[in-house]
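[1] Could you work out the structure for the sequence below:
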Amino acid sequence: MIFPKPKHRKQRSQHKSNPMLDGSELCEICHIATAVETHELRSGKGYRLICQELSFQLKLCKTCHDNWHLRMTKVEKKPYRAMKQKEIIERTAVSKAEWIERLGESWL
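    So this is what the prediction gives:
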């Protein structure tokens, strides 16, 4: 071997996958189709696990999930984020300052 392999390699992050939905819940956007996917409401590196811990996620059907990425603007997404944030703050007694510290922004 001409070039030896480096001994220290970058470790891949071990993120927790979203659990599969059983099909008993409806999509939180259209309220018609069965929810098949969960989608974190804060994007960016390092926010997936935080969103999963706080359950800052929407349960979506395939069509709404595709629309979320391809067609919806930031302004159209804000009410869903604000609604979920309000639910989580009421349920878990997380202060707004702590929320901003963990997720970097607030939608309320």
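[2] got the residue ranges for the strands in this protein?
    For the chain, the strands defined by DSSP state E occupy 37-40, 57-60.
[3] would you turn these into CSV with mean neighbour count and mean pLDDT?
    Backbone N, C-alpha and C define where each C-beta goes, glycine included. Listed next are those as CSV, based on neighbours: other C-beta atoms under 10 Å; pLDDT from 0 to 100:
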stretch, mean neighbour count, mean pLDDT
strand 37-40, 18, 88
strand 57-60, 20, 92
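[4] Can I get the ones you listed in CSV including distance to Arg102?
    Shown next, in CSV, are the strands of the chain (distance: least, C-beta to C-beta, whole Å):
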stretch, distance to Arg102
strand 37-40, 13
strand 57-60, 15
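[5] Of all those, which one is nearest Glu87?
    strand 57-60 (11.2 Å; C-beta to C-beta).
[6] ok so, going back, do you know which of the strands of the chain lies nearest His8?
    strand 37-40 (30.9 Å).
[7] which residues touch stretch 46-56?
    The set of residues external to stretch 46-56 that reach it, using C-beta atoms under 8 Å, 6 or more residues apart in numbering, is 15-16, 18, 40-42, 57, 84-85, 88, 92, 94, 102-104.
[8] In helices, which of those fall?
    When the contacts of stretch 46-56 are checked against helices (DSSP state H), the matches are 84-85, 88, 92, 102-103.
[9] Just the buried residues of those residues.
    Neighbour counting with 16 or more other C-beta atoms under 10 Å marks 84-85, 103 as buried within these.
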